[in-house]
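S.K.: Got a sequence here, can you model it:
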Amino acid sequence: MAFLFILVASIFAGIVFRSVDAMRDTANRIDDERALDATTAAVDALRTQLFGILHDNATWDGAYKQLNSINRKYWVIENWANTGADNPAYDTAVVTDARGKVIVAYKDGEELTEPPAVFFGDHFTTIVRNADQLGEQAGITPVYAVRSKSGIALMAAAKIRPSSTNTRIEERNLYTLFMARHLTPRVIGDLAQSFRIEKLNLSLARAENALNVPLTDLDGTAIAYLSWPSKLPGSRSFLTVKTQLAVGAAILFVFLTGIAVAGWVAVRKLRQDEAAARHAALRDALTGLWNRRALLEHLADLTRREREGTVELCLLDLDGFKRVNDAWGHAAGDELIATVAARLRNVLPPEAFIARLGGDEFAIVAARTSDTNIGDDVADRALAATCDVFALGTRQIQVAASIGRATARLADVDMGDLMRAADVALYRAKDLGRGRIVTFDSELEQRRRDDMTMEQYLKTTLETEGIDVFYQPLFRSIDQSICGVEALARWSSSPLGRVPPDVFISVAEKAGLIETLGLQVLRKAIRASAGWPDIGVCVNVSPVQLQDHGFATAVASILSDAGFDARRLTLEITEGVLISHPEQALKAITALKDLGIGIALDDFGTGFASIGMLRSFPFDRVKVDKSLVAALDTKNDTAPVLQATVALANAMGIAVTIEGIETELQSSIARLYGCDVMQGYLYSKPLSEADMSARYFQSPKRRYGKASGA
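M.R.: Numbering: from 1, shown residues only. Below you'll find the predicted structure:
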């Protein structure tokens, strides 16, 4: 009986130990599979990121036009080559023409010292040659691994085409954009940290006794491997219960209890690891709020779980956040974002779903169903919370917010349409000013469609150079003789009629057409003014143009083509770009002044322009805003303000132009206070080129503006 008892106990113990060993192997295998899936997803994310930025840059009207211009190389370097030094998606950019000739080849912001075909090997030529055939096939992103002189890299290429179907494409003139991202130790380290993969490394050969994910080239051959050691959570769990198992060998009950505890601990640890990984994937690292992926999952889950009730989506964007970053640095900006997130959590009900979508944009979801009781004031409470003063260390900072809100019934909601509707409402709120809530409705949808229609018509007009330019004369205050003109853009579209400048210029800025529009107006103004001797021409410059590193070069080219004296040209800029991008603004202004061009500060006296700004930027002239002039007839305290404004400019040796003169009283006050140039309807309305020539230059010259028939 003892023998039988020992035999039965031994057999039972063997069965138990085999079960424990199987649990250990299963736990190890599950963790290995999770790690393999995570690493594969990490590689796919890198491929998708590189392909996405390549596709966005290759399918671009501006890129297609610039590459077919004389400034192609400079433009490519500024937009693609130089940015490779700090772009997380790529570090190498190469552009070749239709014959395969390399136009630009940069890596990490520096020009390659050897041909790309040598640096990347034969696959570079193959991918560039087949750029038209490379596309997403069978769900595979066309991004491949390759060995370069700097190591292993992911690379892809695409033909540069316009996104607009209205643009005529010359196949023989198509350039090819090639982008690559080298898998440096820093990139591998970021992958390891993001996907919780310990000791991840890149090797050229498959690592033994480790987990491996291959990186394949264009031929499907593995040229490198991402390798990392297995965590073996099952084996670690087994070691934690080894002592209990040894004791349990003598006592069967203790032995079985130890096995149960060990299995429970192993399974629980695996579940905790999975929950922690999912939590990290759905949370914003800075604020602890949910992220965009979690928002989309939450919205999709709402439609699956609930059929009755409504859902409200609010998109919140901070107004003035960029100024905080520019003034006090990104650390202060991050602290502000974290503080805003904490305040939203405090003021909103627990049932509200709060997410940070990136930057200074947040999303709030309020689902009102039979199980929840969320009030209708979610957007109002969020707006009030973000418009209050924030204490960041010793600083007191006040920002505001714009909120776009969209509501739908859960029974028939489409989450994509809901997100788009809230986004449209947000853009409208930002257009209207700070601290606003705009709810999406059919009128906003129609406005969005109208803007898209206007954008298409404007593109067509710009392609045919259909923007008209009118000219408002400028007169010397001392004798009221004409001394210059201001060029003003005008647009009359046959489907839309006459469109106000503030409307179509705003559309142009949003659509990325403002640079084309501005240069077209400048070109026409220079061409017209060339026939009007002895006077200057003033042209307004958009802040977007001044941020373009190639703007001064483009202006110089226009002046050279027209044979126009640069000293007769004055460019008028607003103070907004001086505040938001002071360094680039100073570079651009200096380059323009080196050409001999005059620089005027527009709308002076109405914004934030200070003595420090006037000293920091080499202005030749300030232009007093017409609002100060208009107030002379209605407000008694305006005259001293105008006098002080003009006196400040004169004291600093800066000439003064005053616009908006409509009455003799305004003209007399302006002359009395020291304005040397005046402009307004009292002297002349804006005139077409033909009327301008006929009135002032083809007939015997009339000295006085008012005598010209204003």
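S.K.: residues near the closest residue to Val261 other than its chain neighbours, how many?
M.R.: Closest residue to Val261 apart from its sequence neighbours, by CB to CB, 6 or more residues apart in numbering: Val241 at 6.6 Å. Where you see a C-beta, it was placed from the backbone N, CA and C, and this is true even at glycine. Neighbourhood size, Val241 [other CB atoms under 10 Å]: 18.
S.K.: can I assume Val241 is in contact with Trp264?
M.R.: No - using CB atoms under 8 Å, Val241 makes no contact with Trp264, being 10.3 Å away.
S.K.: for the residue nearest to the spatial centre of the chain, phi and psi?
M.R.: Geometric centre of the chain, nearest residue: Gly359, 9.7 Å, by CA atoms, centre = their mean. Phi and psi for Gly359, reported as degrees, to the nearest 10, are phi 60, psi -130.
S.K.: hmm, back to that, what residues are shared contacts of Val241 and Trp264?
M.R.: With contacts taken as CB atoms under 8 Å, 6 or more residues apart in numbering, Val241 and Trp264 have no neighbour in common.
S.K.: Quick check: closest non-adjacent residue to the residue nearest to the centre of the chain.
M.R.: Phe321 (7.7 Å).
S.K.: Check the gap between the one you found and Trp491 for me.
M.R.: As judged by CB to CB, to the nearest Å, Phe321 and Trp491 stand 33 Å apart.
S.K.: How about Gly653?
M.R.: 38 Å.
S.K.: who's more crowded, those two?
M.R.: Trp491 (23 against 9).
S.K.: so that one makes contact with Leu462?
M.R.: No - with contacts defined as CB under 8 Å, Trp491 does not count as touching Leu462, sitting 9.7 Å away.
S.K.: May I see the buried residues of whichever strand in the chain runs longest?
M.R.: Scanning the chain for the longest strand, with DSSP state E as the assignment, gives strand 482-493. Residues of strand 482-493 classed as buried: Ile482, Cys483, Gly484, Val485, Glu486, Ala487, Leu488, Ala489, Arg490, Trp491, Ser493 (neighbour count, 16 or more other CB atoms under 10 Å).
S.K.: Need the nearest residue in space to the fifth one, chain neighbours excluded.
M.R.: Right, the one you point to is Glu486. Closest to Glu486 by CB to CB, 6+ apart is Cys538, at 4.4 Å.
S.K.: in a helix, that's where the one you found is, yeah?
M.R.: No - judged by DSSP: H, G, I helix; E, B strand; the rest coil, Cys538 forms no part of a helix; its state is strand.
S.K.: What's opposite it in the beta bridge?
M.R.: Judged by DSSP bridges, the bridge partners of Cys538 are Glu486, Thr570.
S.K.: next one: Val389
M.R.: Gln398.
S.K.: got the end-to-end distance for stretch 303-312?
M.R.: For stretch 303-312, the separation between the terminal residues is 13 Å (CA to CA, to the nearest Å).
S.K.: which outside residues touch it?
M.R.: 299, 302, 365-370, 372, 378-379, 405-411, 413, 415, 418.
S.K.: mind listing which of those residues are in helices?
M.R.: Leu299, Leu302, Val378, Ala379, Met415, Leu418 (DSSP state H).
S.K.: Turn those into a markdown table, columns for neighbour count, distance to Arg436 and pLDDT.
M.R.: What follows is those, written out as a markdown table (neighbours: other CB atoms under 10 Å; distance: CB to CB, whole Å; pLDDT from 0 to 100):
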| residue | neighbour count | distance to Arg436 | pLDDT |
| --- | --- | --- | --- |
| Leu299 | 20 | 24 | 85 |
| Leu302 | 19 | 27 | 81 |
| Val378 | 22 | 16 | 89 |
| Ala379 | 20 | 10 | 88 |
| Met415 | 17 | 25 | 81 |
| Leu418 | 20 | 20 | 87 |
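S.K.: Now the element after the longest helix belonging to the chain, going C-ward?
M.R.: Ranked by residue count under DSSP H, the longest helix found in the chain is helix 2-58. Next helix or strand after helix 2-58 toward the C-terminus (DSSP states H and E): helix 61-67.
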